[in-house]
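Asker: Based on what follows, work out the 3D shape:
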Amino acid sequence: MDFEEIIYKRRTIRRFNQEPVSLETLKKLIDYARIAPMAKNVQALEFIIIKNQDMCKKLFPLVKWASSLPENERTPESGREPTAYIIVLINTKIKQSYVDYDVGAAVENILLGAVNLGLGACWMGSINHNKIRSLLKIPDFYQIVHVISLGYPDEKSVIEPYVDSFQYWKDENGMHIPKRNLEDILFKIF
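Answerer: Purely as a prediction, here's the structure:
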């Protein structure tokens, strides 16, 4: 798969077949995050890999899915849950400012890497920080930023032309994500 194909194929996936993701593959995704640019090259991001299925089941109810969809279409059905997760942490003993940029760059590397490795992923910010901290015994000096759910895709997600609404939707053909036209977002060209 070439780079442009990866960029255009990268869509949020919320339903997964139950084939396990190998530890080597998950470590590769963390390695992609590790080499992302960091402000002042101060590297405060750390990660937790969850691939144990008992732990995946415990984490599953601590994240919220697709808040723009109707309630009955949000959460993956039984047998279509993620088979792995990556928890994104900021070690606040190392760095406390400009971390949003670091997180964005690192997570995008993970998401693009996931596509390249045949995985689907969902970048999640609506998470129960306190229960995740307790479940995983994460010390207080770590800021829990995001959860990335992962697995081999069991749904399709496609780009649709933007027409009056950013609202995404789901039907029998998968997820449909409106995106503005390139000409509409080019503010000026000099």
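
Asker: Please count neighbours and contacts with C-alpha atoms only from this point.
Answerer: Noted.

Asker: For the closest residue to Val158 other than its chain neighbours, give me its contacts.
Answerer: In space, and not counting its chain neighbours, Val158 is closest to His176: 5.2 Å by CA to CA, 6 or more residues apart in numbering. Residues near His176 by CA atoms under 8 Å, 6 or more residues apart in numbering: 157-160, 168-170.

Asker: Please produce TSV containing those, extended by neighbour count.
Answerer: Below are the contacts of His176 laid out as TSV (neighbours: other CA atoms under 10 Å):
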residue	neighbour count
Ser157	19
Val158	15
Ile159	16
Glu160	14
Tyr168	16
Trp169	16
Lys170	15
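
Asker: Just put those in CSV and tack on secondary structure.
Answerer: Formatted as CSV, the contacts of His176 follow (DSSP: H, G, I helix; E, B strand; the rest coil):
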residue, secondary structure
Ser157, strand
Val158, strand
Ile159, strand
Glu160, strand
Tyr168, coil
Trp169, strand
Lys170, strand
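
Asker: The residue nearest to Val158 looks like it's in a helix, true?
Answerer: No - looking at His176 with three-state DSSP, it is strand, so not inside a helix.

Asker: Could you pull out the helices in this protein for me?
Answerer: 3-9, 23-34, 53-59, 71-74, 99-116, 129-136, 182-185 (DSSP state H).

Asker: Show residues contacting the helix or strand of the chain with the lowest mean pLDDT.
Answerer: None of the helices or strands of the chain scores lower by mean pLDDT, DSSP states H and E than helix 71-74, at a mean of 78. Applying CA under 8 Å, 6+ apart, the set of residues contacting helix 71-74 from outside is 65-67, 170.

Asker: Now do the same contact list for the residue nearest the centre of the chain.
Answerer: Central residue of the chain (CA atoms, centre = their mean): Trp123, 2.2 Å from the mean position. Applying CA under 8 Å, 6+ apart, we find Trp123 in contact with 12, 107, 146-149.

Asker: That one pairs with what?
Answerer: Ile148 (DSSP bridges).

Asker: ok, and for stretch 123-139, which residues are buried?
Answerer: By neighbour count with 16 or more other CA atoms under 10 Å, stretch 123-139 contains the buried residues 123-124, 127, 129, 132.

Asker: Can you show me the CA trace of that stretch as CSV?
Answerer: Presented in CSV, the C-alpha positions along stretch 123-139 are these (Å, rounded to 0.1, in the frame of the first residue of the first chain):
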residue,chain,number,x,y,z
TRP,A,123,-9.1,7.3,18.5
MET,A,124,-11.2,7.8,21.6
GLY,A,125,-11.3,10.8,23.9
SER,A,126,-14.6,10.2,25.7
ILE,A,127,-13.3,7.9,28.3
ASN,A,128,-13.7,7.3,32.0
HIS,A,129,-10.3,8.5,33.2
ASN,A,130,-10.8,7.6,36.9
LYS,A,131,-12.0,4.1,36.3
ILE,A,132,-9.2,3.5,33.7
ARG,A,133,-6.6,4.8,36.2
SER,A,134,-8.0,2.5,38.9
LEU,A,135,-8.3,-0.6,36.6
LEU,A,136,-4.8,-0.3,35.2
LYS,A,137,-3.2,1.1,38.4
ILE,A,138,-1.8,4.2,36.7
PRO,A,139,0.1,6.5,39.0
